[in-house]
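Asks: Let's see this in three dimensions:
(2 chains)
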Number of protein chains: 2
Amino acid sequence: MDNRPIGVFDSGLGGLTAVKRIINLLPHEDVVYFGDTGRVPYGNRSRETIIRYTKEDIEFLLKYDIKLIIAACGTASSVALDDLKPLFSVPILGVLEAACSTAATTTRNGRIGVIGTSGTINSGKYRELILTLLPTAQVFEKACPLFVSLAENGHFNTDVVRIVAEEYLSPLKEAGVDTLILGCTHYPLLAEAIGSVMGGGVNLIDTGDEAAKFAKRLLDERCMLSDSDKTGTCSFFVSDSIENFSVLGSTFLGRPIELAVHKVSQ
Amino acid sequence: MDNRPIGVFDSGLGGLTAVKRIINLLPHEDVVYFGDTGRVPYGNRSRETIIRYTKEDIEFLLKYDIKLIIAACGTASSVALDDLKPLFSVPILGVLEAACSTAATTTRNGRIGVIGTSGTINSGKYRELILTLLPTAQVFEKACPLFVSLAENGHFNTDVVRIVAEEYLSPLKEAGVDTLILGCTHYPLLAEAIGSVMGGGVNLIDTGDEAAKFAKRLLDERCMLSDSDKTGTCSFFVSDSIENFSVLGSTFLGRPIELAVHKVSQ
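Replies: Alright, predicted model coming up:
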C-alpha cells in the first residue's frame, strides 16, 4: 500500500488523455500532472533537447513525493526514457511497452502501423519493441508532424484534419495494417478522423489507455495501490499560460478543470 | 560609420525571410542571427512567457557587440518590445512600425487587413499603430495559428495550406481589404497560397522586407552603416538541432546555409 501520488507529464496537453484513463481505472489515486506548455511541441526537436526537457519534467514531478511516473508523451517515451530511467530510483513508465504488447497480441495479420511525431518515428523504438515481442510482424511507420499542432489548436475532426490524415495515413492503409498504434497522446483527439481514413476493420490502439492499464497492473503487483476510499485529487501544473490550459485542457481531459492549475517557471 | 554586426532574432526560422532582405539591401553588413528553435513557436504562448523568451533572445545577441537588433518575429515585436526596449541601450527594431507605415500610406480604400499569430492579434498592436498613422482606416484582424506550424513543417503551397488559408482569410476578403499585412515573418513563405485566396488586387505587405528597408534608413540617418567594401558575414545560432536548421533554413533564407550554424543552450 502506497498513498503517494502518481506523477504524469507530457510536452503539453496531450497527456491529459492518459490522465482521463488513469482517473477512470484508478479513481482513488492522487495524480500530479505537469504539462510543459511553455515548450510544446517536443516532436520536431532534436534528441538532445528532448532528453534535456524530459529530464527537467521528471525532476519537477519528483518534488511532489511521487510513487510512479508516467511519461504520457510518445516523443519523451521513445526518445528520452532509455537514457533517463537509470538516473532515477522511482519507477518511470513510458507509453510504448503496453501499446506494443497489446498490438503484438491482438494483430491478426501481423501488419502493424505506428504513427507519431518525427522524433518518435525517427527513434525507431516502436518498431524495435514490436519486433522483439513479435518477430514475424511487419511494421509500417509514419511521422505525422502536423497532428500535434492541429490538436493543440482545437482541430479535431475538421476538413483540414481529414485531408492531412488522408495524406499521412494512405501508405499505412495501402499496406493493409489491421492495427494502428496512435503513438502520441494527442492523437486520440483525432481518432474519429484517423479511424474514418483507416476504415472500420483497423484497431486503433490508444497509448494513454494502455499505459493506464499497465500502471494499474504494475502498482497492484508491487502492492503500491492506494488504500484510500476517497476519490483521488488531481493537481495540474504547466510551464505557460493557465488560461489556455483551463479551456483546452477540459476538452483533452473530458471534464472541467477547476482551480488546481498552478503555473511553474521551467 | 559603425562596422559592428546587426543582430536579428526570431522564435525559429521565420526571421530568415527578413535576413534574406537585409543581405540584399545591406550587403556589406555583418549579421548575427539567433533562432530560438528549441522553444518555437511563440505565437500561442502567454504574454509573460513571450516577454521572458524575447528578453533572453536579446541578451544572447548582445554578447556579439551588436549595433542594432531587429526582432524579426511578429509575436515578439507586438507582445514584448514595448516592455523590453527601455531595458536596453542598443536600438531595437520590431517589424510593426515599417509595415504599418507602408500600409497606411499605400492603401487606396483605407481597409487594411492584418494576419498574425494569436499572440500578435490579441496584443492589438498592429491595429493601434495603423489607427495612429491613419485614423480613418478600418482594420480587420485575423489570427492564423496554424500557419507557423505549416511553414516550419515545409508546407508552403499545398492543398492543406490552401484550405487553411481559405478558412482564415475569407472574412478579410469579404471585408474588401486592399492591403494585407503578413504580420509574421513565416508568412511570406505562404504568400502564394495567401495571394491566391485574397486575389490579385490585394497588396501583401511583407514585414521582414519593410523592416529591412527601415533598418537601412535608420542606420543611414544615424551614420551607422558599415564602410566595409567586402560582402558581410552571416553567423547563425539556434537553441536546438543544427541539422534541421541547415536543411529548412536554406529554404527560408533562399540560399544554402553553410558552416556558420552554432548551437546554443538557452
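
Asks: which parts of the stretch 101-250 of chain A sit against chain B?
Replies: By C-beta under 8 Å from any C-beta of the partner chain, the residues of the stretch 101-250 of chain A that approach chain B are A:145-146, A:149-150, A:152-153, A:155, A:159-160, A:163-164, A:167, A:239-241, A:243-244. Just so you know, the C-beta spots here come from the backbone N, C-alpha and C atoms, and that holds for glycine as well.

Asks: Among these, name the buried ones.
Replies: A:145-146, A:149-150, A:152-153, A:155, A:160, A:163-164, A:167, A:239-241, A:244 (16 or more other C-beta atoms under 10 Å in any protein chain shown).

Asks: Take the residues you listed and keep only those in strands.
Replies: Among those, none falls in strands (DSSP state E).

Asks: Would you check the residues you listed and say which has the weakest pLDDT?
Replies: Of all these, residue A:244 has the smallest pLDDT value, namely 71.

Asks: My guess is that one contacts residue B:44. True?
Replies: Yes - Residue A:244 lies in contact with residue B:44 (C-beta atoms under 8 Å); the separation is 7.2 Å.

Asks: Check for me that residue A:115 belongs to a helix.
Replies: No - under DSSP: H, G, I helix; E, B strand; the rest coil, residue A:115 sits outside any helix and is assigned strand.

Asks: Distance check, it against chain B.
Replies: Distance, residue A:115 to chain B, by C-beta to the nearest C-beta, to the nearest Å: 15 Å.

Asks: What's opposite that residue in the beta bridge?
Replies: residue A:142, residue A:182 (DSSP bridges).

Asks: okay, it: pLDDT?
Replies: On the pLDDT scale, residue A:115 gets 98.

Asks: Please enumerate the helices of the stretch 151-266 of chain A.
Replies: Applying DSSP state H, counting those that start in this stretch to the stretch 151-266 of chain A gives helices spanning A:159-174, A:191-198, A:207-221, A:242-253.

Asks: just so I know, which of those lies nearest residue A:29?
Replies: helix A:207-221 (8.0 Å; C-beta to C-beta).

Asks: For the closest one, name the packing helices and strands.
Replies: Judged by 3 or more C-beta pairs under 8 Å, 6 or more residues apart in numbering or on different chains; DSSP states H and E, helix A:207-221 is in contact with helix A:16-25, strand A:68-71, strand A:92-93, helix A:96-106.

Asks: So what's the gap between the last one and the chain middle?
Replies: Between the centre of helix A:96-106 and the centre of its chain there are 14 Å (C-alpha atoms, centre = their mean, to the nearest Å).

Asks: can you check the third one too?
Replies: In terms of C-alpha atoms, centre = their mean, the gap separating the centre of strand A:92-93 from the centre of its chain is 12 Å.

Asks: That one packs against which elements?
Replies: Using 3+ C-beta pairs under 8 Å, 6+ apart: strand A:92-93 touches strand A:68-71, helix A:207-221.

Asks: contacts for that strand?
Replies: A:58, A:68-71, A:81, A:84-85, A:211, A:214-215, A:218 (C-beta atoms under 8 Å, 6 or more residues apart in numbering or on different chains).

Asks: export those to TSV and tack on distance to residue A:110?
Replies: Formatted as TSV, the contacts of strand A:92-93 follow (distance: C-beta to C-beta, whole Å):
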residue	distance to residue A:110
A:58	35
A:68	32
A:69	33
A:70	29
A:71	28
A:81	26
A:84	32
A:85	29
A:211	23
A:214	22
A:215	28
A:218	27
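
Asks: Quick one, grab the pLDDT at the residue lying closest to residue A:5 once chain neighbours are set aside.
Replies: Using C-beta to C-beta, 6 or more residues apart in numbering or on different chains and skipping residues adjacent in sequence, the residue nearest residue A:5 is residue A:30, 3.8 Å away. Per-residue pLDDT puts residue A:30 at 95.

Asks: check contacts around residue A:30.
Replies: Taking C-beta under 8 Å, 6+ apart, one finds A:3-6, A:226, A:232-235 in contact with residue A:30.

Asks: Show me which of these is closest to chain B.
Replies: Set against chain B, the nearest of those by C-beta to the nearest C-beta is residue A:235 (19.7 Å).

Asks: Quick check, the closest one in contact with residue A:34.
Replies: No - the pair residue A:235 and residue A:34 fails to qualify as a contact (C-beta under 8 Å) at a distance of 9.3 Å.

Asks: So for the two, which sits in the more crowded spot?
Replies: residue A:34 (27 against 16; other C-beta atoms under 10 Å in any protein chain shown).

Asks: what sits opposite that one in the beta ladder?
Replies: Using DSSP bridges, the bridge partners assigned to residue A:34 are residue A:9, residue A:237.

Asks: That one and residue A:59 touch, don't they?
Replies: No - at 10.2 Å, residue A:34 does not count as touching residue A:59 under the criterion of C-beta under 8 Å.

Asks: Pull the contacting residues for the nearest residue to residue A:122 once chain neighbours are set aside.
Replies: Nearest residue to residue A:122 in three dimensions, chain neighbours excluded: residue A:143, at 7.3 Å (C-beta to C-beta, 6+ apart). Residue A:143 sits next to A:115-118, A:120-122 when contact means C-beta under 8 Å, 6+ apart.

Asks: hey, least reliable of the helices of the stretch 151-266 of chain A by pLDDT?
Replies: helix A:242-253 (a mean of 76).

Asks: of all of the stretch 151-266 of chain A, which residue lies closest to chain B?
Replies: Nearest residue of the stretch 151-266 of chain A to chain B, counting by C-beta to the nearest C-beta: residue A:241, 3.4 Å away.

Asks: where's that residue relative to residue A:99, distance?
Replies: 30 Å (C-beta to C-beta, to the nearest Å).

Asks: what does residue A:175 give?
Replies: 19 Å.

Asks: Between those two, tell me which one has more neighbours.
Replies: Shown here are residue A:175 and residue A:99; by other C-beta under 10 Å, residue A:99 has more neighbours (27 against 14).

Asks: What's the per-residue pLDDT of the more buried one here?
Replies: Looking at residue A:99, its pLDDT is 97.

Asks: Do I have it right that it meets residue A:181?
Replies: Yes - between residue A:99 and residue A:181 there is a contact under C-beta under 8 Å: 5.1 Å.

Asks: which neighbours do those two share?
Replies: A:126, A:205, A:207.

Asks: got a winner among the residues you listed for most neighbours?
Replies: Ranked by neighbour count (other C-beta under 10 Å), the shared contacts of residue A:99 and residue A:181 have residue A:207 at the top, with 32 neighbours.

Asks: Of the helices and strands packed on strand A:92-93, which stretch is the most buried?
Replies: strand A:68-71 (a mean of 26; mean count of other C-beta atoms under 10 Å in any protein chain shown).

Asks: Parallel or antiparallel, list what pairs with that strand.
Replies: Counting by DSSP bridges, the strands paired with strand A:68-71 are strand A:6-10 (parallel), strand A:92-93 (parallel).
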